[in-house]
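Chemist: Fold the following.
(one chain, ligands or ions: 1)
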Amino acid sequence: MKHITYLDHAATSWPKPQSVVDAVVHALTEAGGNPGRSAHTIALAASRLILEARTDVAALLGVRDPRDLAFVPGCTAGLNLALKGLLRPGDRVVVGSTEHNAVARPLHALEAAGVRVDVVHGDSAGRIDPDDVERALAQAPTRAVVCQHASNVLGTIQPVGDLADIAHEAGAYLIVDGAQGVGHLKLDLTALGADAYAASGHKGLLGPQGVGALYLAPGVEAVELTQGGGGSNSEEAVQPTARPDRYEAGTPNTPGIAGLGAAARFLLAEGDAIRAEERRLTRMLYEQLLEIPGLRVLGPPLGEERVPVLCVVHDRVEADRIAFELDSRYGVAVRAGLHCAPWAHATAGTAECGALRFGIGFGITESDIDLAVRAMHEVCA
Ligand code: PMP
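Modeler: Numbers count the residues shown, from 1 in each chain. Down below sits the predicted model:
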């Protein structure tokens with residue numbers, strides 16, 4: 001395979017730490033039984049992997065009781081569970097204006113089922129003002145505030161801690177899309193105060209695709225979307241209400257969960273250094289992109305905190321064209337288009353043209369940034 005300069009971490013992180021790869025292989029080769037079901041050695045080994053993974057992901061995310069974390073297929077699945085499990089016809093939600101389709105589409109479906117959805121608009125960088133949310137909550141009884149932790153287009157970090165306080169004062173839940181927050185931001189979910197926080201396993205957490213986690217704060221009971229077997233209380237027709245079994249019907253993605261557990265252990269050891277390097281390289285890339293004539297960087301200005309995502313638009317060369325040239329001529333992998341987030345692009349004024357996104361993450365070096373910048377200069381010349 002030709003050398004690839006991988007700058008698409010906001011879509012999915014790659015390559016993964018070797019310990020994550022090893023953990024997936026180990027799960028498939030040494031612990032391939034069905035966890036929580038049979039009681040033989042190979043099934044118990046699988047159960048142990050899941051237990052360890054839940055404990056370590058909880059430690060990484062600052063979740064006191066690991067049973068408050070349910071493993072789900074991804075952030076999208078976690079958000080669907082939180083939204084559809086907590087909202088009922090007649091409820092009102094207040095939602096941010098840069099949400100990903102993983103929030104926008106379930107809310108659109110819920111709207112059709114009788115949930116009222118009111119959007120609070122941020123500024124051109126997508127920043128939501130907590131005072132605007134407070135004003136929106138004062139207008140009508142509200143069941144939930146829904147907001148992303150960070151934008152996958154603008155890089156903007158939302159004040160979710162403040163939003164939790166404001167939501168709670170109004171008697172509402174705070175539901176957070178944490179897809180672009182986890183891994184890139186140091187988290188203490190217990191202190192943050194969100195009632196539901198959905199995480200992707202495969203982005204900043206450095207785990208495999210097809211696995212994520214949903215945190216539901218103690219006492220926040222979402223109705224499960226799937227009923228089925230779990231290996232416990234099998235004599236009863238009703239879905240168990242104990243956590244996490246309530247939300248994990250069916251055979252889990254044991255290899256993926258084992259990989260996620262290894263990724264959590266890796267980040268517990270290396271996370272601070274990785275985050276510092278991500279911030280340094282993001283700033284370096286930002287500074288150098290600003291020197292390219294005709295190029296505009298979306299989101300907060302240089303110097304303001306952001307997650308390691310930089311979207312750019314050129315006044316002449318289309319994003320799709322740049323992405324194709326970067327890949328085919330330089331082996332630089334980036335993503336062009338709307339990034340499943342038309343609301344965020346509407347905020348930035350790029351809904352028609354889309355943008356080109358650089359996603360920084362674990363394993364990227366200064367020479368990767370240098371190559372990408374040189375390629376951008378040449379393609380946009
Ligand atoms: N929300 C945001 C902001 C995202 O960037 C993504 C991934 N593109 C998702 C939700 C969906 O995450 P997942 O791929 O884990 O379902």
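
Chemist: residues in contact with H168?
Modeler: For H168, the contacting residues are 174, 193, taking C-beta atoms under 8 Å, 6 or more residues apart in numbering as the criterion. Glycine gets a C-beta too; all of them are placed from N, C-alpha and C.

Chemist: what about it, which helix or strand?
Modeler: Element membership for H168, per DSSP states H and E: helix 160-169.

Chemist: Leaving out sequence neighbours, find the closest residue to whatever residue of the stretch 251-381 of the chain ends up closest to the ligand.
Modeler: When C-beta to the nearest ligand atom is the measure, the stretch 251-381 of the chain has its nearest residue to the ligand at C340, with 5.5 Å between them. The shortest distance from C340 to any residue that is not its chain neighbour, by C-beta to C-beta, 6 or more residues apart in numbering, is 4.6 Å, and that residue is N101.

Chemist: Check R296 too.
Modeler: Beyond its immediate neighbours in the sequence, the residue positioned closest to R296 (C-beta to C-beta, 6+ apart) is V313, lying 5.2 Å away.

Chemist: need the next SSE after the host helix or strand of that neighbour, C-terminal direction.
Modeler: V313 is part of strand 309-314, with elements assigned from DSSP H and E. Secondary structure here is assigned by DSSP H and E; on that basis, the next helix or strand after strand 309-314 toward the C-terminus is helix 319-330.

Chemist: Give me the helices and strands touching that next one, please.
Modeler: strand 309-314, strand 332-333, strand 335-337, strand 355-359, helix 366-379 (3 or more C-beta pairs under 8 Å, 6 or more residues apart in numbering; DSSP states H and E).

Chemist: 7 Å instead, please
Modeler: strand 335-337, strand 355-359, helix 366-379 (3 or more C-beta pairs under 7 Å, 6 or more residues apart in numbering; DSSP states H and E).

Chemist: thinking again about what came up before, how far off helix 319-330 does the strand holding V313 point, in degrees?
Modeler: On the basis of axes from the mean of the first three to the mean of the last three C-alpha atoms, to 10 degrees, strand 309-314 is oriented at 110 degrees to helix 319-330.

Chemist: Centre of the chain to the longest helix seen in the chain, how far?
Modeler: Among all segments of the chain classified by DSSP state H, the helix with the greatest residue count is helix 254-289. Between the centre of helix 254-289 and the centre of its host chain there is 13 Å, according to C-alpha atoms, centre = their mean, to the nearest Å.

Chemist: The stretch 101-250 of the chain: helices as residue ranges?
Modeler: Across the stretch 101-250 of the chain, reading from the start of the chain, the helices by DSSP state H, counting those that start in this stretch fall at 101-112, 130-139, 160-169, 189-192.

Chemist: which outside residues touch the shortest one?
Modeler: Residues outside helix 189-192 that contact it (C-beta atoms under 7 Å, 6 or more residues apart in numbering) are 61-64, 160-161, 164, 197, 215.

Chemist: May I have that helix exported as CSV, CA atoms only?
Modeler: Below are the C-alpha coordinates for helix 189-192, written out as CSV (Å, rounded to 0.1, in the frame of the first residue of the first chain):
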residue,chain,number,x,y,z
LEU,A,189,-18.9,13.0,32.9
THR,A,190,-20.1,12.9,36.5
ALA,A,191,-18.9,16.5,37.0
LEU,A,192,-20.1,17.7,33.6
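
Chemist: Could you give the separation of that helix from the chain centroid?
Modeler: Distance of helix 189-192 from the chain centroid (C-alpha atoms, centre = their mean) equals 16 Å.

Chemist: Quick one: mean pLDDT for that helix?
Modeler: The predicted model gives helix 189-192 an average pLDDT of 97.

Chemist: Could you check that helix and say which residues are buried?
Modeler: Of the residues in helix 189-192, those buried by neighbour count under the rule 16 or more other C-beta atoms under 10 Å are 189-190, 192.

Chemist: Repeat that for stretch 293-308.
Modeler: By neighbour count, and taking 16+ other C-beta under 10 Å as the criterion, the buried residues in stretch 293-308 are 295-300, 306-308.

Chemist: So is that stretch next to the ligand?
Modeler: No: among the residues of stretch 293-308, none lie within reach of the ligand under C-beta under 6 Å from any ligand atom; the closest is 9.7 Å away.

Chemist: Which other helices and strands does the least confident helix or strand in the chain by mean pLDDT contact?
Modeler: The helix or strand with the lowest mean pLDDT-type score in the chain, counting by mean pLDDT, DSSP states H and E, is helix 342-348 (a mean of 95). Packed against helix 342-348, as judged by 3+ C-beta pairs under 7 Å, 6+ apart, are no other helices or strands.

Chemist: again, 10 Å this time
Modeler: If contacts are counted by 3 or more C-beta pairs under 10 Å, 6 or more residues apart in numbering; DSSP states H and E, helix 342-348 sits against strand 92-96, helix 101-112, strand 309-314, strand 355-359.

Chemist: which bits of the chain sit near the ligand?
Modeler: 74-76, 100, 102, 148, 152, 177, 179-180, 200, 212, 340.

Chemist: With pLDDT as extra columns, can I get those in JSON lines?
Modeler: Output for these, formatted as JSON lines (pLDDT from 0 to 100):
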{"residue": "G74", "pLDDT": "98"}
{"residue": "C75", "pLDDT": "98"}
{"residue": "T76", "pLDDT": "98"}
{"residue": "H100", "pLDDT": "98"}
{"residue": "A102", "pLDDT": "98"}
{"residue": "Q148", "pLDDT": "98"}
{"residue": "N152", "pLDDT": "98"}
{"residue": "D177", "pLDDT": "98"}
{"residue": "A179", "pLDDT": "98"}
{"residue": "Q180", "pLDDT": "98"}
{"residue": "S200", "pLDDT": "98"}
{"residue": "G212", "pLDDT": "98"}
{"residue": "C340", "pLDDT": "96"}
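
Chemist: Right, I'll call it a day here.
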